[in-house]
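1. how would this look folded up:
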Amino acid sequence: MSQNNLSIKKIIENFLLDSWEIRDKVSIIYSENNLKCELTYNEFLEYTFRIVNFLRLNLGSSKLLVIDSRKNKYTYPLILSSLIIGIPFVSIDDKDENSSLRLKNSINNLRNTFFMDSKKISEINSINLKVTDLLRSLIYENNKTNITQDAYIMFTSGSTGEPKGVCIKRESFALYINWIQSKYMHNPLPHFHLSISPIHFDNSIHDLAMFLCLNSLITINDVYEFKNLLGRYENNLMVNSIYGTPSLIKKLKLSGLIKKISLKQNLRFIGFGGEGYSWEELEYLSKELKNNILFHNYYGPTEGTCMCSCFSFNSGDISSLKDLYSQYSKCPPLGEIFKYFNFEIIDDELIIFGDALMRGYIKPTTKPDLSYEIKESIDKYKTGDICKYKSGQIFINGRKDNQIKINGIRLEIEEVEYRINSLLKETKSCLFVIDDRFRFLAAVIEENDFVNSFQSREDSLGKYLRNNLPNFMVPADFVLTSSLPTNRSGKIDRKSCKNIYLSMKN
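-> Residues are numbered from 1 along each chain as shown. Here you go, the predicted structure:
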């Protein structure tokens, strides 16, 4: 690691010392029983100390910490504890039963894992220590930890097969935090960052990095939880920055929450990533804002430690930038590639490489002293994104492997169609993305005897799909037709199918 970059150990030590200096200030705002709750930095340090001690005594030979996905007051103390003692963490999506089962099956194939949830943490006895002694103990624990290679495991959605565990090194995560510090730390404290991405999704790594840079978090689990929180405490709930997928930000906008936040004129940044945000939609969003703020268009796969580039621009410049760049793509360019990455475009496909790339995909191991092994080391990662380099900028113009992104989750169209066709007794289906108020997955499904057996076909058929497919594979909307149009080669005509859907809906 470069001399100009801090290691994870040094980042954590600085965070602990700085937290102690502002120990009476709020570190995390969260919702509990529909009430606004606050955790001071002092309380945060106490929870962290209790968890570190518990893990030291109970981990045994465990080499991987498994945590639940739903955020609460224990989530970030638990993650920090894993970094302090040097054990990588992984999160399970416990909201989606189908996804959770698939991930649990993947994790159950690994050795030496230790599961930690909020119930277990709440049962840990409190430790009566002075704050100064508590701080010294945490710094001591952090410094005595043996150097471990990995910070966390992030599982992909598994839309094209079994979920793949992406292994991110501590060094890679440290490089990412160093970049966040250089980008945000010139702003005066306090800074409240809205953390709305689930822990099992790689966008949450950005929220974690923001927190380790001493930005207080408003940590919530969904838009409805935040809407309730803002409705009750509008006059004393400040939001300075937001980060999420475009679909998530559109939900905040349509719920009227962006406008409410903006009215207080404390909002400084809106960051988005995981999928494209069109210039047209950004123009709609900017109309909700009461002051000029900075937009950050982030790009990067899970394999690239969450993000590898950023294009920043003021909300007041959207129209002029649209005129300049819309000839190349409907979305903003990727922007500056972070200094710890390099890129090349081969056969129109973007390839990234560098120090912050993943260590590799994990696989089960038979070695008794390990939790997993690396399936293969990867020096360069083929993103699958079709790109063009124009006017000094990189623009994405589609997916090489016919994958799409919905809510930041990668889906391969043919795989989802195969699953639907099999469920519906070998019918035919055609899926596509609709960019309307929301970006969503829609389908045209060909009728057969099984499909026609559902009494209220759209409602009951939709329920059947929801009960038998992972949530991210279920079309948000669909129509039925007697037969799907085909082209001259006999293949399904996707453009005509989309037109059928649009005409039936209109």
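2. where does this protein have its least confident helix or strand?
-> When each helix and strand of the chain is scored by mean pLDDT, DSSP states H and E, helix 97-108 comes last, with a mean of 62.
3. now the element after that one, going C-ward?
-> The helix or strand immediately downstream of helix 97-108 is strand 113-116, counting by DSSP states H and E.
4. buried residues in the next helix or strand after that following strand?
-> Helices and strands here follow DSSP H and E; after strand 113-116, the next one along the chain is helix 118-122. By neighbour count on 16 or more other Cβ atoms under 10 Å, the buried set for helix 118-122 is 118, 121. Placement of C-beta: from N, CA and C, glycine included.
5. list the buried residues of the lengthiest helix in the chain.
-> Looking across the chain with DSSP state H, the single longest helix is helix 41-58. When burial is assessed from 16+ other Cβ under 10 Å, helix 41-58 yields the following buried residues: 41-55.
6. against which helices or strands is that helix packed?
-> Applying 3 or more Cβ pairs under 8 Å, 6 or more residues apart in numbering; DSSP states H and E, we find helix 41-58 packed against helix 8-21, strand 26-32, helix 75-85, strand 113-116, helix 118-122, helix 131-144.
7. what mean pLDDT does the third one get?
-> When you say that, I think you mean helix 75-85. What helix 75-85 shows for mean pLDDT is 95.
8. strand partners of the longest strand that the chain contains, parallel vs antiparallel please.
-> If you go by DSSP state E, the chain has its longest strand at strand 380-390. Next to strand 380-390 in the sheet, as set by DSSP bridges, lie strand 349-354 (antiparallel), strand 393-399 (antiparallel).
9. contacting residues around stretch 384-392?
-> By Cβ atoms under 8 Å, 6 or more residues apart in numbering, the surrounding residues in contact with stretch 384-392 are 324-325, 328-329, 334, 345, 348-350, 394-401, 403.
10. which of the residues you listed count as buried?
-> Buried members of the contacts of stretch 384-392, scored by 16+ other Cβ under 10 Å, are 325, 328-329, 334, 349-350, 394-396, 399, 403.
11. just name the closest of the residues you listed to residue 66, please.
-> If you rank the buried ones among the contacts of stretch 384-392 by distance to residue 66 using Cβ to Cβ, residue 403 comes first, at 27.7 Å.
12. which residue ranges of the stretch 201-350 of the chain form strands?
-> For the stretch 201-350 of the chain, the strands defined by DSSP state E, counting those that start in this stretch occupy 216-219, 241-244, 269-272, 294-299, 309-314, 336-337, 341-346, 349-354.
13. can I get those in CSV with distance to residue 175 and mean pLDDT?
-> Shown next, in CSV, are those (distance: least, Cβ to Cβ, whole Å; pLDDT from 0 to 100):
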stretch, distance to residue 175, mean pLDDT
strand 216-219, 22, 92
strand 241-244, 19, 93
strand 269-272, 18, 94
strand 294-299, 15, 95
strand 309-314, 14, 95
strand 336-337, 13, 91
strand 341-346, 9, 94
strand 349-354, 9, 95
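14. now tabulate those strands in TSV and tack on distance to residue 261.
-> Formatted as TSV, the strands of the stretch 201-350 of the chain follow (distance: least, Cβ to Cβ, whole Å):
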stretch	distance to residue 261
strand 216-219	10
strand 241-244	8
strand 269-272	10
strand 294-299	15
strand 309-314	18
strand 336-337	27
strand 341-346	32
strand 349-354	33
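15. nearest to residue 209 among the helices and strands packed on helix 41-58 would be which one?
-> Nearest of the helices and strands packed on helix 41-58 to residue 209, taken as Cβ to Cβ: helix 8-21 at 9.4 Å.
16. give the contact list for the most centrally placed residue in the chain.
-> The centre of the chain sits closest to residue 203, judged by Cα atoms, centre = their mean, with a distance of 2.5 Å. By Cβ under 8 Å, 6+ apart, the residues touching residue 203 are 197, 243-245, 273-274, 306, 408.
17. so which of these is surrounded by the most neighbours?
-> Counting neighbours by other Cβ atoms under 10 Å, the top entry in the contacts of residue 203 is residue 274, with 28 neighbours.
18. that one and residue 301, how far apart?
-> Distance from residue 274 to residue 301, counting by Cβ to Cβ, to the nearest Å: 10 Å.
19. stretch 374-382 spans what distance, first to last residue?
-> Start-to-end span of stretch 374-382 (Cα to Cα, to the nearest Å) is 18 Å.
20. which of the residues in that stretch are buried?
-> Within stretch 374-382, the residues that qualify as buried are 374, 381-382, counting by 16+ other Cβ under 10 Å.
21. how distant is it from the center of its chain?
-> Here stretch 374-382 is found 21 Å from its chain centre; the criterion is Cα atoms, centre = their mean, to the nearest Å.
22. give me the contacts around it.
-> Against stretch 374-382 from outside (Cβ under 8 Å, 6+ apart): 167, 301, 303-304, 349, 351-353, 357-363.
23. buried subset of those?
-> The neighbour-count test (16+ other Cβ under 10 Å) marks 167, 301, 303-304, 349, 351-353, 357-362 as buried among the contacts of stretch 374-382.
24. and the longest strand of the chain, what's buried?
-> 381-387.
25. among the residues you listed, which pair sits farthest apart?
-> Greatest spatial distance among those (Cβ to Cβ): 381 and 386, at 15.3 Å.
26. if we ignore the residues flanking it in sequence, what's nearest residue 348?
-> Sequence neighbours aside, residue 386 is the residue nearest to residue 348 in space, at 5.0 Å (criterion: Cβ to Cβ, 6 or more residues apart in numbering).
27. ok, now residue 196?
-> Counting by Cβ to Cβ, 6+ apart, residue 196 lies nearest to residue 244, which is 5.2 Å off, once chain neighbours are set aside.
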